[in-house]
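1. Got a sequence here, can you build the structure:
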Amino acid sequence: MFNASLKQLSTQLAEKKISSVELTKAFLQRIEARNTEYNAFITVNEELSLAQAQVADQMIAAGQASQLTGIPIAQKDIFCAKGWLTTCGSKMLSNFVSPYDANVIERFNQIGAVNIGKTNMDEFAMGSSNETSYYGPVRNPWDVEAVPGGSSGGSASAVAARLAPAATGTDTGGSIRQPAALCGISGIKPTYGLVSRYGMIAFASSLDQGGPMAKSAEDLALMLGVMTGFDARDSTSLQRETEDYTRDLEKPLSGLRIGLPKEYFAKGMSKDVECAVEQALDEYRKLGAEMVEVSLPNSQLSIPVYYVLAPAEASSNLSRFDGVRYGHRAKSYGDLNDMYRKSRAEGFGAEVKRRILIGTYVLSHGYYDAYYIKAQKVRRLITQDFVDAFKQCDIMMGPTSPTVAFNIGEKSSDPIQMYLSDIYTSAASLAGLPGMSIPIGFGDKNRPVGLHIIGNYFTEAKMLNVAHQYQLVTDWHQRSPV
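-> As a prediction, this is how the structure comes out:
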């Protein structure tokens, strides 16, 4: 049961081999037994989950079920859910019970999925290791001494440890893909605007995007079909026809042109990750794909650009919380120091304080043109690089993370090294492109390695097809640490 795919669980529910209440109880019991070890969940509410499961069983009995009806889904604690504690991993929201549902939560509720709990995360999604959470670090199920990645580390850990069949995450600069890679699961960030941000507590509004995390590409396709769709309450939501993301899963890959950005295969990637990536590319060659070298010359600037733009947007977004006013432009270093002291008084953790300080600095008088405007111009160049590269290929591939999961505490005192964990994922985020990670083996200390797949705009079905065909001939996605 715990290793079953979403499709298999759906079949068992439809055939009455198990009820949603029984399935939900089984996962709740597993969470109770194992969550202390991994710290993947912040909040579990048995009463609310079982009430949803009872409704799901009624829908199944009435013939009103969809493929995910009755299946427990873990929700990242960045999505507001009515009646649930919604903390965003922060002390500041430690007693906030949401009075409404985020659009993503609404969509799962409408088809009768069960919210199994709210997963741990880096505070306000600011982090790459899930060590900045007020509720303590999440641990990687493959090695509890290692980080799970961030900021969606709780969701990744929950799926890897089989505490939930699937989970939601959010991705600003790599926060679905990087933890998926480090925990040996699959995760996809769709094209910016496909998933509504309504009710998703903002980090950087021009980058944030919700997406699914699960064991396989097939599972991701089922979840993405639920999560995407136009929402008039989100001004960045795109009006597009509803897609069946499973439609291309079985298509062969003969003739597929895979672009290999030469910048992603230069210095910086560890040997164990490089070996796993090369072996995965060999499998794709066997499946009929052709490798094409492409170039993304401005991708090396993605980290500095990201860490100018994202903190600037974060400082503005956090200013919306009552009693906190960081969004105005400071006129002096004294103003910045006053803001820093205020953020400390409000209970923010060190990483959030650091980003608030950076954000207010680059938006401050005299620095706005020098940093923020310049970063926006470079962002446009990064986007154009992708446009040019996709004229030569259908899809791009490379490592998701430069190394396997590092130890808890290993990079806490070196923010630059921490930020470089997203060196391969941030460029696609800046361009608004879809990206995903799938497990392709193991590296140092038997820790998972992920393959990064980048698609052109609105090619999620093609990306899922590419990932699924690989998973038909390999079993990395089926392996579990427990």
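
2. Please enumerate the strands of the chain.
-> For the chain, applying DSSP state E gives strands covering 41-43, 72-76, 114-119, 166-171, 186-189, 209-214, 257-261, 290-294, 395-399, 435-442, 448-455.

3. closest one to Tyr419 among these?
-> The minimum distance between Tyr419 and the strands of the chain falls on strand 166-171, with 15.5 Å, by Cβ to Cβ. All C-beta spots, glycine's among them, are computed from the backbone N, C-alpha and C.

4. What's the mean pLDDT across that closest one?
-> The average pLDDT within strand 166-171 is 98.

5. Show me what it is in contact with.
-> Contact with strand 166-171 is made by 6, 71, 73-76, 78-79, 104, 119, 125, 151-152, 155-156, 158-159, 175-177, 179-180, 187, 189, 200, 203, 208-215, 219, 223, 227, 425, 429, 435, as judged by Cβ atoms under 8 Å, 6 or more residues apart in numbering.

6. Alpha carbons of it, as CSV, please.
-> The C-alpha coordinates for strand 166-171 follow below in CSV (Å, rounded to 0.1, in the frame of the first residue of the first chain):
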residue,chain,number,x,y,z
ALA,A,166,2.1,12.4,-2.9
ALA,A,167,2.5,16.0,-1.8
THR,A,168,2.3,19.6,-3.0
GLY,A,169,5.3,21.9,-3.1
THR,A,170,6.2,25.4,-4.3
ASP,A,171,9.1,26.4,-6.4
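
7. so how far is the first residue of stretch 363-374 from its last?
-> Using Cα to Cα, to the nearest Å, one end of stretch 363-374 lies 12 Å from the other.

8. now for the strands of the chain, which one comes closest to Phe2?
-> For Phe2, the closest of the strands of the chain is strand 72-76, at 10.9 Å, according to Cβ to Cβ.

9. ok, of the contacts of strand 166-171, which come out buried?
-> Buried subset of the contacts of strand 166-171 (neighbour count, 16 or more other Cβ atoms under 10 Å): 6, 71, 73-76, 78-79, 104, 119, 125, 151-152, 155-156, 158-159, 175-177, 179-180, 187, 189, 200, 203, 208-215, 219, 223, 227, 425, 429, 435.

10. Around Leu281, count how many other residues there are.
-> Leu281: 18 surrounding residues under other Cβ atoms under 10 Å.

11. Touching, it and Gly259? I think so.
-> No. Using Cβ atoms under 8 Å, Leu281 is not in contact with Gly259; the gap is 11.6 Å.

12. Now do the shared contacts for those two.
-> Met397.

13. low-confidence ranges in the protein?
-> 319-347 (pLDDT under 70).

14. Could you rerun that using 90?
-> Applying pLDDT under 90 to the chain picks out residues 92, 242, 266-268, 311-371, 412-417, 419-420, 482.

15. Would you tell me which helix is longest in it?
-> The residue-count maximum for a helix in the chain (DSSP state H) belongs to helix 20-38.

16. Give me the angle between that one and strand 114-119.
-> Counting by axes from the mean of the first three to the mean of the last three Cα atoms, to 10 degrees, helix 20-38 points 10 degrees away from the direction of strand 114-119.

17. got the angle for helix 20-38 vs strand 72-76?
-> Helix 20-38 and strand 72-76 are oriented at 40 degrees to each other (the same axes, to 10 degrees).

18. gap between Ser216 and Asn456?
-> Ser216 is 23 Å from Asn456, where distance means Cβ to Cβ, to the nearest Å.

19. Please read the previous query as pertaining to Phe386.
-> Between Phe386 and Asn456 the computed distance is 8 Å (Cβ to Cβ).

20. quick one: common contacting residues for those two?
-> Leu433.

21. Please tell me how far the most centrally placed residue in the chain sits from Pro481.
-> Nearest to the geometric centre of the chain sits Ile176, at 1.8 Å (Cα atoms, centre = their mean). Distance from Ile176 to Pro481, counting by Cβ to Cβ: 20 Å.

22. And Ile60, by the same measure?
-> For Ile60, the distance to Pro481 equals 32 Å [Cβ to Cβ].

23. And for Ala61?
-> 36 Å.

24. again with Cys183
-> Taken as Cβ to Cβ, the spacing of Cys183 relative to Pro481 amounts to 9 Å.
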